[in-house]
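J.: How does the following fold in three dimensions:
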Amino acid sequence: MERTGRRTGRPPLTERRKAATRVDIARAAVRLFTTRGVAATSADEIAAAAGISVRTLWRYFPTKESCVRPLLTAGIDLTALALRNWPPGTALATVLDDLAAAAGDIVAEVPTLLALVRLTRTEPGLRAVWLRAHDDAEPVFATALAERAGHGDANDLHIRLHAAMINAALRVAVEHHANEPDPAGKGTAGKGTAGKDIVATVRTALLTAAVGLN
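T.: Numbers count the residues shown, from 1 in each chain. Modelled structure (predicted):
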């Protein structure tokens with residue numbers, strides 16, 4: 001439930017620093033997981049690669065697998081923002097286009113994100129983190145849709161079904177894109193095109209899942 005009188009604008013500097021540290025840890029973890037495997041990578045090695053102490057790492061994450069969560073939730077958070085900012089009478093496509101234009105930070109992380117999503121197919125611990133991220137997102141999506149509908153009942157069956165469809169569409173779109181040939185744009189297309197491609201894939205999936213919402 002959202003609080004009234006909440007802050008607007010950019011988060012305080014300390015929160016931004018914490019968020020940046022979490023992403024740095026996630027990047028370091030993905031680099032090690034993709035080159036060495038999860039089982040062969042220790043929390044101490046992740047901490048060293050991120051330039052922090054292992055004690056600090058445990059303050060941010062409960063397990064070494066959960067270190068990757070900030071990269072997995074970036075697109076989820078952006079989708080939740082799009083749903084919260086989706087005013088009645090406005091096509092969802094318009095909102096998604098506006099959010100895509102502001103998704104520069106996420107697009108920059110696309111190669112790392114796709115490498116991570118591919119790992120979730122063979123690493124059960126990472127798969128659990130990925131699925132848990134989406135499980136946590138579903139009630140957030142439902143709340144946003146309920147508020148948009150004007151009745152605020154996130155437990156309404158119709159609302160919950162649409163939230164589940166949007167959630168599944170987002171997950172399937174990212175997984176589909178990650179496992180396509182040359183998903184990271186390592187060929188002539190380059191990283192920039194890879195970022196645009198995944199945004200287009202997710203946009204298509206969300207619009208398909210949102211059919212019937214008004």
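J.: which residues in this protein form helices?
T.: For the chain, the helices defined by DSSP state H cover 13-36, 43-50, 54-60, 69-84, 92-101, 104-108, 110-119, 124-149, 157-178, 190-209.
J.: Just list what the fourth one packs against, helices and strands only.
T.: Just to be clear, that refers to helix 69-84. helix 13-36, helix 92-101, helix 104-108, helix 110-119, helix 124-149, helix 157-178, helix 190-209 (3 or more Cβ pairs under 8 Å, 6 or more residues apart in numbering; DSSP states H and E). Yep, even glycine has a C-beta here, placed from its N, CA and C like the rest.
J.: Quick check, pLDDT for Leu78.
T.: For Leu78, the model assigns a pLDDT of 86.
J.: Now do it: how many residues are near it, please.
T.: 19 (other Cβ atoms under 10 Å).
J.: Leu99 is in contact with that one, correct?
T.: Yes - counting by Cβ atoms under 8 Å, Leu99 is a contact partner of Leu78 at 5.8 Å.
J.: sorry, back to before: tell me the most buried of the helices and strands packed on helix 69-84?
T.: Looking across those with neighbours counted as mean count of other Cβ atoms under 10 Å, the highest average goes to helix 110-119: a mean of 21.
J.: chain center to it, what's the gap?
T.: Remark: helix 110-119 is offset 11 Å from the chain centroid, using Cα atoms, centre = their mean, to the nearest Å.
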